[in-house]
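Asks: based on what follows, work out the 3D shape:
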Amino acid sequence: MKILFVSSGNTKNGISPIIFNQGSSLIKLGCHVSFFTIKGKGLIGYLKHIFILRKFLQHHSYDVVHAHYSLSAVVAALAGGKPLVVSLMGSDIKASFLLKYMIKIFNLFFWNKIIVKSQDMKKSCGIKTATVLPNGVDFSMFKPFPKKEAIDVTQWNPNKRHILFAANPRRKEKNYHLARNAFELLNYKDIELHSLIDIPNKQMPAYFNAADVIILTSLWEGSPNVIKEAMACNCRIVAVNVGDIEETIGDTSGCYVAGFDENEIANYLNKALNNDNKTDGRRRISHLDDTVIAKKLTNIYKEVLS
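Replies: Have a look, this model is predicted:
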């Protein structure tokens, strides 16, 4: 099966690692996956790629075009990409009413199949025909290994304990100030709070394994891969109840789901810091192995083709 992935290429490292990893998981199954990236921000940046992609499709043939994020899917639709499968992310549905309206219009007239990442996203978008399929996790990459080896990569102080805020603090929707406020309530001198800014994807397993606790306090999420990747490394986690976090974490020992309350979050951080055991998160999310998810994705392609 020949598949074209269409997505933004505007991150520092080009294509989003989540999208690239999903393409790689399909390649492992024997699919032929090509990547078309939209480079250029804003309305003009996307609009000009309609013509670039249309010309590209005139010279290349694919069984399925799979667009990631709504704006990329609009470009793919207007460029004539068919059949068109669309993966929506949390920002498509949670960030803008106009995007939600546009999604319904394009789904009605142009898109053959919509994939959302959680039941919460399906409910929010209001499209009953949407298929829920979370992104998978590369279990060969995200796995537990000794903290000492991980700190050699992160260069954190080996004599301190470390809390990792699993996002870039500059992104307002990630709600860094709540994590910071909870951290400041902890009465410890040997703890540092870190965050993720422009960390290459291949180094992420080291950051998870170097951390004593992962914290996520986002205002909204779809199905955050960072939580699933941390669980694959058997990390202790404190996260607010957004997206599918409660469903993903469940009752995993050493992991806690909190409300948007800095005192409650601080209490759970304290519990996690005083628990020296690794979790069994990896076993709990074995159904999210990217090979398992890739097989389900190919079934969606076959459904569209039939």
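Asks: so where's the longest helix in this protein?
Replies: If you go by DSSP state H, the chain has its longest helix at helix 42-59.
Asks: list the buried ones in that one?
Replies: 46, 49, 50, 53, 56, 57 (16 or more other CB atoms under 10 Å). All C-beta spots, glycine's among them, are computed from the backbone N, C-alpha and C.
Asks: pLDDT value on the second one, please?
Replies: Going back to what we said before, that points to residue 49. At residue 49, the model reports a pLDDT of 94.
Asks: low-scoring stretches of the stretch 1-150 of the chain, by residue?
Replies: Within the stretch 1-150 of the chain, the ranges that satisfy pLDDT under 70 run 12-13, 95.
Asks: what sits against residue 22?
Replies: Residues counted as contacts of residue 22 (CB atoms under 8 Å, 6 or more residues apart in numbering) are 5, 135, 136, 290, 293, 294, 297.
Asks: so which of these is the closest to residue 146?
Replies: Distance ranking of the contacts of residue 22 against residue 146, using CB to CB, places residue 290 first at 24.1 Å.
Asks: relative to residue 229, how far out is the closest one?
Replies: 11 Å (CB to CB, to the nearest Å).
Asks: overlap in contacts of the two?
Replies: Counting by CB under 8 Å, 6+ apart, the shared contacts of residue 290 and residue 229 are residue 137.
Asks: next step: the contacts of residue 22 restricted to strands.
Replies: Judged by DSSP state E, the subset of the contacts of residue 22 located in strands is residue 5.
Asks: ok, so of the contacts of residue 22, who is nearest residue 153?
Replies: Out of the contacts of residue 22, the member with the shortest distance to residue 153 (by CB to CB) is residue 290, at 22.5 Å.
Asks: right, and the closest one touches residue 141 too?
Replies: No. Contact between residue 290 and residue 141 fails when scored by CB atoms under 8 Å: they sit 9.2 Å apart.
Asks: higher neighbour count, the two?
Replies: residue 290 (22 against 16; other CB atoms under 10 Å).
Asks: count of neighbours near the residue lying closest to the more buried one once chain neighbours are set aside?
Replies: Distances taken as CB to CB, 6 or more residues apart in numbering put residue 136 closest to residue 290, at 3.2 Å, once the chain neighbours are dropped. Residue 136 has 24 neighbours, counted by other CB under 10 Å.
Asks: could we number from 2 for the rest of this?
Replies: All set: I'll call the first residue 2, so the last point we hit is now residue 137.
Asks: hang on, residue 137 packs against residue 24?
Replies: No. Counting by CB under 8 Å, residue 137 stays clear of residue 24, with 11.5 Å between them.
Asks: quick one: residue 103 and residue 89, what's the gap?
Replies: In terms of CB to CB, residue 103 sits 11 Å off from residue 89.
Asks: returning to that earlier point: which residues touch the longest helix of the chain?
Replies: Residues contacting helix 43-60 (CB under 8 Å, 6+ apart): 5, 7, 37, 39-41, 66, 72-73, 75-77, 79-82.
Asks: so which of the residues you listed sit within helices?
Replies: Among these, the members falling in helices are 72, 73, 75, 76, 77, 79 (criterion: DSSP H).
Asks: give me the most central residue, the chain.
Replies: With distances taken as CA atoms, centre = their mean, residue 226 lies nearest the centre of the chain, 3.5 Å away.
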